[in-house]
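Asks: return atomic coordinates for the entry below.
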Amino acid sequence: MVSIRLKRFVVSTAAVVLAVAGSLPLALLLAWGVSRSFANRARAIASLANRYTAGDLSRPDYDYGADELATAARALDGSIQHLGRQIAELSRDRA
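Replies: Numbering: from 1, shown residues only. Take a look at the predicted model:
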């Protein structure tokens, strides 16, 4: 006969397997959502860089957020704004 300990072990193992199997889709969905958000922000920042490349140095009204990607984007934007001011100053000096 199967002992009570073995039955409890089988039941608890089955519960763990079901919990993992049930949480895996949720974890995948969460990872997809986070990566999609990151990718959208990266595309927006790349679009801004392309705008700067095309000569449009106006300050964006984009909220970068508060993480490392946002810090890098703000540094890029600050550098571009500084260069834009220097270019404008040089243009005035030449005129």
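
Asks: from here on, just use CA atoms for contacts and neighbour counts.
Replies: Will do.

Asks: next structured bit after the lengthiest helix in the chain?
Replies: As assigned by DSSP state H, the longest helix anywhere in the chain is helix 4-53. The first helix or strand that comes after helix 4-53 along the chain, using DSSP states H and E, is helix 68-94.

Asks: any regions of this structure where pLDDT drops low?
Replies: Applying pLDDT under 70 to the chain picks out residues 1-2.

Asks: for it, which residue occupies the most central location?
Replies: F38 (2.3 Å; C-alpha atoms, centre = their mean).

Asks: from V11, how far off is that one?
Replies: The gap separating F38 from V11 is 40 Å, by C-alpha to C-alpha, to the nearest Å.

Asks: and if you look at L57?
Replies: Distance from L57 to V11, by C-alpha to C-alpha: 64 Å.

Asks: comparing those two, which shows the higher neighbour count?
Replies: For L57 versus V11, the count of surrounding residues by other C-alpha atoms under 10 Å is larger for L57: 18 against 12.

Asks: hmm, that one is touching R51, no?
Replies: Yes - contact criterion C-alpha atoms under 8 Å: L57 and R51 qualify, at 7.4 Å.

Asks: okay, the closest residue to Y64 other than its chain neighbours and A31: tell me how far apart.
Replies: Residue nearest to Y64 in three dimensions, not counting chain neighbours: A70, with 4.8 Å by C-alpha to C-alpha, 6 or more residues apart in numbering. According to C-alpha to C-alpha, A70 and A31 sit 20 Å apart.
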